[in-house]
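Peer 1: Sharing a sequence plus its predicted fold:
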Amino acid sequence: MASEEAIRKSVESMGTLNRTASEWMKKLGAHACTDITGFGFIGHALEMATASQVGMVIQSKAVPVFPRPWNMRNWD
């Protein structure tokens with residue numbers, strides 16, 4: 001249901017955002033990771049901060065927001 005443009009922009013962004021992180025994880029021998037690109041960013045940040053007993057500041061203007069990639073009229 002997503003437009004070709006929405007898909008292209010989303011895939012391009014996710015590839016760019018994850019490329020450097022995946023390269024470093026390979027170099028450092030990471031055994032697991034969670035991709036929070038897109039839908040779960042705020043929820044995942046809250047879980048991490050709570051579990052680590054730290055605070056977090058998110059620069060909201062630096063977080064990319066894409067046009068809605070689906071047609072909600074088709075949701076029941």
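Peer 2: Yes, it's here.
Peer 1: What about Ser22, how many residues nearby?
Peer 2: Using other Cβ atoms under 10 Å, Ser22 has 14 other residues around it. The C-beta positions use only the backbone N, C-alpha and C, and glycine is treated the same way.
Peer 1: Now do the buried residues in the strand or helix carrying it.
Peer 2: Applying DSSP states H and E as the criterion places Ser22 in helix 4-28. By 16 or more other Cβ atoms under 10 Å, the buried positions in helix 4-28 come out as Lys9, Ser10.
Peer 1: Could you point out the helix or strand that follows it?
Peer 2: helix 41-52.
Peer 1: Pull the distance from that next one to the chain's centre.
Peer 2: Distance of helix 41-52 from the chain centroid (Cα atoms, centre = their mean, to the nearest Å) equals 13 Å.
Peer 1: One more: stretch 5-12?
Peer 2: Worked out by Cα atoms, centre = their mean, stretch 5-12 lies 13 Å from the chain centre.
Peer 1: Could the C-alpha coordinates of it be exported in PDB?
Peer 2: Taking Å, rounded to 0.1, in the frame of the first residue of the first chain, the C-alpha atoms of stretch 5-12 are listed here in PDB:
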ATOM      1  CA  GLU A   5       8.600   7.100  -3.200                       C
ATOM      2  CA  ALA A   6       7.800   6.300   0.400                       C
ATOM      3  CA  ILE A   7       9.400   2.900   0.100                       C
ATOM      4  CA  ARG A   8      12.500   4.300  -1.700                       C
ATOM      5  CA  LYS A   9      13.000   7.000   1.000                       C
ATOM      6  CA  SER A  10      12.500   4.500   3.900                       C
ATOM      7  CA  VAL A  11      14.900   1.900   2.500                       C
ATOM      8  CA  GLU A  12      17.500   4.500   1.600                       C
END
